[in-house]
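Novice: I would like the atomic coordinates for the input below:
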Amino acid sequence: MSRRARTIIVITLVALAIVAAYVAGRQTSPSATDPPSGPSVAATSSAANTDAILAQLFQQQRSNVQVQGSGTVSRLLADDNQGGRHQRFILRLASGQTLLVAHNIDVAPRLDGLAVGDTVAFFGEYVYTDQGGTIHWTHHDPGGSHVAGWLQWNGHRYQ
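Specialist: The predicted structure is shown next:
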């Protein structure tokens with residue numbers, strides 16, 4: 001085989017690898033949203049779009065995806081005091097899907113006074129569960145290796 005033929009084959013293989021990497025990256029569904037630049041979640045993402053993304057994540061049983069959205073508190077749960085302490089509550093989305101929010105209160109402030117019926121916006125990591133999913137990492141990362149999350153309630157952002 002001539003040197004020119006080998007060069008063409010190598011260039012072709014490199015080009016195919018680049019195209020394959022691009023196509024593989026494009027095939028991942030848009031399942032995460034960027035954090036908003038201002039205090040309003042609604043200004044950057046519609047509830048229907050967010051609910052559709054969360055429904056897709058639930059149906060596909062996917063985890064470890066950064067999401068944002070909002071819901072209505074349907075149930076307050078006891079704190080989880082095993083390991084890092086977490087304030088826990090259930091949010092019901094407009095779609096009807098429920099999410100457990102596990103907010104680390106060793107890292108971020110507690111939402112004192114939170115009540116059933118309150119609306120809470122969130123930016124955190126979705127983890128699949130057969131009951132709808134869990135949102136965690138709703139706070140800054142003291143180690144600086146994870147995307148900072150937050151909860152927004154009653155005009156305040158908790159991170």
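Novice: And Arg4, which helix or strand is it part of?
Specialist: helix 3-26 (DSSP states H and E).
Novice: repeat for Leu99
Specialist: Using DSSP H and E, Leu99 falls in strand 98-104.
Novice: Report how many residues lie close to Arg75.
Specialist: Arg75 has 12 neighbours, counted by other C-beta atoms under 10 Å. Bear in mind the C-beta positions are built from the backbone N, C-alpha and C, glycine included.
Novice: ok, now Gln68?
Specialist: Gln68 has 24 nearby residues by other C-beta under 10 Å.
Novice: again with Asp79
Specialist: Asp79: 13 neighbours (other C-beta under 10 Å).
Novice: go on, the one 5 residues further on?
Specialist: When neighbours are counted by other C-beta under 10 Å, Gly84 registers 12.
Novice: buried sites along the strand holding Leu99?
Specialist: Residues of strand 98-104 classed as buried: 98-104 (neighbour count, 16 or more other C-beta atoms under 10 Å).
Novice: Give me the sheet partners of that strand and which way each runs.
Specialist: Here strand 98-104 has these sheet partners by DSSP bridges: strand 86-92 (antiparallel), strand 134-136 (parallel).
Novice: buried stuff in the first one?
Specialist: What it means is strand 86-92. So, applying 16+ other C-beta under 10 Å, buried residues of strand 86-92: 86-91.
Novice: what does the strand holding Leu99 rub up against?
Specialist: Strand 98-104 is contacted from outside by 54, 71, 74, 77, 80, 84-93, 110-111, 120, 122, 124, 126, 129, 131-136, 138-139, 151, 158, using C-beta atoms under 8 Å, 6 or more residues apart in numbering.
Novice: ok, of those, which come out buried?
Specialist: Neighbour-count burial (16+ other C-beta under 10 Å) applied to the contacts of strand 98-104 gives 54, 71, 86-91, 93, 111, 120, 122, 124, 126, 132-136, 138-139, 151, 158.
Novice: Understood, closing this out.
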